[in-house]
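Participant: Mind looking at a prediction? Sequence and model below.
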Amino acid sequence: MAVVSISYHSGGCPKLKSDRCRLLSLLPLAVLALASPLRAEQADVSVRLDMVAWGDEIGGLSFKPGAGGGGVTAQPFRYSTPVSYSGPAVVEIFQNDTGPKKELPPPTADELRHQLIPLAPEPEDPAVTAAKPKSAAEIELDKRRVNQPNLVALAVIPSGCSRATVLLAPTGRGTFQAYVIDDDPSKLPLGEVRVHNLSPYPVAIRCNNGKARELKSREAFVSKAPDGYFIYELKYLQDGEWKYQENNVIPIRPIDQSQVVILSSDNQFFRSGDGSKSGFLQIVTLRRYPKERSTPPP
C-alpha cells in the first residue's frame, strides 16, 4: 500500500485537465481471468510464475496432483520465491499437504506494515455462497475436480509470456479464482508502475497531478513515476455517483517492476486493530526486483 499520505486539490468530476500525466496505453488484457471454455489445442508454455494470495496465506500449492513436501506457498499480497512451470497453457493448480514451508526472505519494512495485523479466515455464509452464479472458470474447474478433488484453480498463461504473476482469490467454495498478469519486462519497464483495477467498480485515477484516467473492472495501464514517486488521486463510481477515495504517494525504485492493485476486500489484512478499514477500496503494491536476489540493493 502507499506509504505516505499527501494532500492536493480535487474536483467533483474525475475529468481533470492537465498535460503532465505521462501514461502509456491502456492494457485491458493485462489481467487475464478464465472466462471462456478452454481449448485443448493451446500450445505448451515455459514460464516463471509468482504465486500471490489475495487474502490469507495459501500453502501446499503445486502443479501436480500428488506433490508433497509442502509445495509452493502463496504469500498475502507479497512476492516470495518464483517457481518454474512447463506444460499446458492452462495451468492446473493443486493444493496438497500444507506441511513444512519453504524458507522465505525477510519481509521489507513496507511489507511489515501489513503483517502487523494477524490474518484470520473470512467468514463464509453458505446461503450467500450457494446463491452466487458460477463463472465459466468455476464450471470448468468443477468438471476437472470430479477426478482431481485437490485441484483448486486454473490459470491461463498468455501466448509468448515468459514471466507472470498469478493472484489467487478465494471463491468461498474451497477453490480460487486465478488472475494472471503478464509481466514480460517489455510490457512493464523498470521504474514504472502498472495500475490494475481488480475491484468490481469503475475507478478514476489521476496520476502525478495529470489527467484522470477511467478504468473499468479488470482494466490496467502503465504510468511513469517521475523522480521515483507515483502520486495518485483515486475515485470510484458507485450508484451512478463518483465518490472520493484517497490521494497518496508511493515510492518507486528505478530497479523494480512495480504493480499497484486496486481491489475490494474484507480480509483482516486490510483491517486495523479495532476492525476498521482505511477506505471503501483497498490498494496493494507489489514490487519485484528482477535480479531475484534475496535482498535488493539499497
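Facilitator: Done, it's in.
Participant: and residue 143, what element?
Facilitator: Assigned by DSSP states H and E, residue 143 belongs to helix 136-145.
Participant: Tell me the buried residues in that helix?
Facilitator: Buried residues in helix 136-145, counted by 16 or more other Cβ atoms under 10 Å: 137-138, 140-141. Just so you know, the C-beta spots here come from the backbone N, C-alpha and C atoms, and that holds for glycine as well.
Participant: Looking at the residues you listed, which is nearest residue 166?
Facilitator: For the buried residues of helix 136-145, the minimum distance to residue 166 (Cβ to Cβ) is 13.1 Å, reached by residue 137.
Participant: from what I can see the closest one touches residue 175, true?
Facilitator: No. Contact criterion Cβ atoms under 8 Å: residue 137 and residue 175 do not qualify, at 9.3 Å.
Participant: nearest spatial neighbour of residue 191, skipping sequence neighbours?
Facilitator: residue 254 (3.8 Å; Cβ to Cβ, 6 or more residues apart in numbering).
Participant: Tell me the spacing between the one you found and residue 163.
Facilitator: 19 Å (Cβ to Cβ, to the nearest Å).
Participant: before we move on, what about residue 188?
Facilitator: Applying Cβ to Cβ to residue 188 and residue 163 gives a distance of 9 Å.
Participant: ok, then the element right after the helix or strand containing residue 75?
Facilitator: Using DSSP H and E, residue 75 sits within strand 72-76. Using DSSP H and E, the helix or strand that directly follows strand 72-76 along the chain is strand 83-87.
Participant: which helices and strands does the helix holding residue 143 pack with?
Facilitator: strand 151-156, strand 176-182 (3 or more Cβ pairs under 8 Å, 6 or more residues apart in numbering; DSSP states H and E).
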